[in-house]
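> Any chance you can model this:
(one chain, ligands or ions: 2)
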Amino acid sequence: MEGPVEYLSEWPPSTKHQPTATKRGNEELQTVPPKRTKTVPHSTFDSRHEGLCRPSVGEGLVVRAPTVPISTLLAQWWKSFVRSRAGPGTPETVISSSHNPRTLLHHISKLPEARGFLTARVKYLETLDEDAATHHALAATHYLLQHYSKALEYARKALGGDPDNKELLWHHELVVRQNKVLQEGADKLAGLALSEHLKMPKAAQVERRSAVDLSYEEFFTEYALTHTPVVITDAVDKMVTQPWTFDLIKEVMGSKVAPLKRVVHGSVEWARLEPAGETSVSQFVDSICQDTSSTELRYLFDWSLPLHCPELAKQLTIPRYYAGDYLQRTPPGSLYRDSWPSLFLSPAGVTSELHVDAFGSNFWMALFQGRKRWTFFPPEDLPLLYPLFPDSTDAVFQVDLSQPDLSLHPLLSLSHPTQVTLSPGELLFVPAGSPHRVENLEPSLAISANFVDSSNLDEVVRELRVNGLRDPRAQALLEAIEDPEFRREMDYGQNDLPWNEFKTWPR
Ligand SMILES: O=C(O)CCC(=O)C(=O)O
Ligand SMILES: [Fe+2]
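Ligands and ions are numbered 1, 2, ... in the order given. Next comes the predicted model:
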């Protein structure tokens, strides 16, 4: 049986996101400190720290060069740790339900033995010459130990020594984000009388408006600009030339093979969704419409229609509220330009856990079949939801909204949830930056798109600046949007647009 340990044998992970631009980038294979460090011989190091934080296994790993990523070292440490305890004493799996390296590493890093190893690594790094690579390694190791203010201190120092290093800039941003939400959370906690009986606030209802009397101008000023979710009725019928049903999906794209996701408790992936194989659309539709109580629930999530089923995409009319999408005004081939709308097929019982949509995007969803319950929080509530940024600028949230524990997460009592159960034929607007969670109450069929307009442009620019440090396509998109020639006008007289017009810019 394959377990996480097996999976970790595929490591060390790729170093492509690691600090290759530092001057020591070519020293990754070193196992002893470089000559120009304040060298502390291995034996000295051992005796100096004996009994203090000496790890039981992986001592050789502690003294690897600072340019070796801590994720690589921790993965190797884990393998030796498991090997050293093979047999009847094999430690129980950290998180038995995931094979995802990021999730596993996150949980491994919390084990006391792993913390011993990480602490020994810190002690070792502190003996080296202070340069950007050492400071970066210290920042990353403290970050894994959840010593966030120390991580910030070292991330700043690292940047001071190598200010144009994109990897350092990216990591610094991550550390700043984590510290900011913790600080804001601590400030709010200080004002909270913990003795009182804390309760999860009752969710207010999300407004419903009919497209018949909701002008684009009113949508934009009342909802998009104020980052307020809204359900729009009387719009979905006009988006399609024939009703979209499970049968239609099978008929049009049943033979195509699509990737699936599943919800993993404790995952650090966005929305706690991890890859879960692939299947033909037809088989998947059949499976979600059956009784799913005994099978593992999987989700066909966010599968691009323009890329995988253009014949269906071409039938769509885009509602006027979203027709001015800036992503359609970028050069052909730009990131996200042809990603959406995408398809969502879910059995009853699958939940997309709390998340914030990527790159500061707004989002819409048109629901054709099934009911989906949405819970939202305003963007300002982010620090009240106990976000973590484990090696990603997208937050994962520690709160469990299915069973909120106010003794563990008292800040939840200060949050401002809103909720709505979306029904077939309804169109939802999800504003940028708003954490949300989605429960599929019934087998559901929906399409959705992330989009950009002047209501979320600032957030998008800010996020692309960060993503662009690692992703050249995000950087290119940023440059396109920031080009003085980029057309940012919004037309309050905007009409619904048939597909071809929506995709043609300038119109
Ligand atoms: O419908 C869902 O499960 C979640 C959709 C969503 O929030 C997203 O794609 O960002
Ligand atoms: Fe979302």
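> Helices along the stretch 151-300 of the chain, start to end?
166-190, 216-219, 246-253, 281-289 (DSSP state H, counting those that start in this stretch).
> should've said the stretch 1-150 of the chain
4-8, 42-48, 59-62, 70-84, 101-108, 112-126, 132-144, 148-161.
> Now for Pro379: which residues touch it?
Residues near Pro379 by C-beta atoms under 8 Å, 6 or more residues apart in numbering: His227, Val356, Pro431, Ala432, Gly433, Ser434, Pro435. Using the backbone N, CA and C atoms, a C-beta is placed for each residue, glycine as well.
> Which residue comes closest to the first one once chain neighbours are left out?
Okay, so that is His227. Using C-beta to C-beta, 6 or more residues apart in numbering and skipping residues adjacent in sequence, the residue nearest His227 is Pro431, 3.8 Å away.
> which residues touch the one you found?
Pro431 makes contact with Tyr223, Ala224, Thr226, His227, Thr228, Pro229, Asn362, Pro379, Ser455, Asn456 under the criterion C-beta under 8 Å, 6+ apart.
> just the buried members of these?
Among the contacts of Pro431, the ones that count as buried by 16 or more other C-beta atoms under 10 Å are Tyr223, Ala224, His227, Thr228, Pro229, Asn362, Ser455, Asn456.
> Going by proximity to ligand 1, name the top residue of the stretch 251-400 of the chain.
Closest approach between the stretch 251-400 of the chain and ligand 1, counting by C-beta to the nearest ligand atom: Ser352, at 3.4 Å.
> Name the SS class of that residue, please.
What DSSP: H, G, I helix; E, B strand; the rest coil gives for Ser352 is strand.
> wait, doesn't it sit right on Trp270?
No: assessed by C-beta atoms under 8 Å, Ser352 is found out of contact with Trp270, at 9.2 Å.
> of these two, who's got more company?
Shown here are Ser352 and Trp270; by other C-beta atoms under 10 Å, Ser352 has more neighbours (23 against 17).
> Please list all residues in contact with that one.
Residues counted as contacts of Ser352 (C-beta under 8 Å, 6+ apart) are Val263, Ala271, Arg272, Leu273, Tyr299, Phe301, Arg437, Val438.
> Keep only those of these that are in strands.
Those of the contacts of Ser352 mapping onto strands are Val263, Leu273, Phe301, Arg437, Val438, per DSSP state E.
> Dump the residues you listed to a markdown table, plus pLDDT.
Formatted as a markdown table, the ones in strands among the contacts of Ser352 follow (pLDDT from 0 to 100):
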| residue | pLDDT |
| --- | --- |
| Val263 | 94 |
| Leu273 | 97 |
| Phe301 | 98 |
| Arg437 | 98 |
| Val438 | 98 |
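> Could you give the backbone dihedrals for Arg473?
Per-residue torsions, Arg473: phi -70, psi -30 (degrees, to the nearest 10).
> List, one by one, the residues from the protein near ligand 1.
For the chain, the residues in contact with ligand 1 (C-beta under 6 Å from any ligand atom) are Asp302, Phe344, Ser352, Asp357, Phe363, Lys372, His436, Val438, Ser448.
> From Tyr124, how far out is Leu414?
To Tyr124, Leu414 is 42 Å away according to C-beta to C-beta, to the nearest Å.
> which of these two has more neighbours?
Shown here are Leu414 and Tyr124; by other C-beta under 10 Å, Tyr124 has more neighbours (23 against 16).
> in terms of contact, does the more buried one touch Ala65 like I think?
No: if you go by C-beta under 8 Å, Tyr124 and Ala65 don't touch, sitting 10.6 Å apart.
> For the strand or helix carrying Arg373, which strands pair with it and how are they oriented?
Assigned by DSSP states H and E, Arg373 falls within strand 372-376. Using DSSP bridges, strand 372-376 pairs in its sheet with strand 418-422 (antiparallel), strand 436-440 (antiparallel).
> May I see the buried residues of it?
Lys372, Trp374, Thr375, Phe376.
> chain center to it, what's the gap?
Mean-position distance between strand 372-376 and its chain equals 18 Å (C-alpha atoms, centre = their mean, to the nearest Å).
> Give the next helix or strand downstream of that strand.
Later in the chain than strand 372-376, the nearest helix or strand by DSSP H and E is strand 387-388.
> Partner strands of that next one and their direction?
Paired with strand 387-388 in the same sheet, following DSSP bridges, are strand 396-397 (antiparallel).
> returning to what we had before: for the contacts of Pro431, give me JSON lines that also has pLDDT.
JSON lines is the format used below for the contacts of Pro431 (pLDDT from 0 to 100):
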{"residue": "Tyr223", "pLDDT": "98"}
{"residue": "Ala224", "pLDDT": "98"}
{"residue": "Thr226", "pLDDT": "98"}
{"residue": "His227", "pLDDT": "98"}
{"residue": "Thr228", "pLDDT": "98"}
{"residue": "Pro229", "pLDDT": "98"}
{"residue": "Asn362", "pLDDT": "98"}
{"residue": "Pro379", "pLDDT": "98"}
{"residue": "Ser455", "pLDDT": "98"}
{"residue": "Asn456", "pLDDT": "98"}
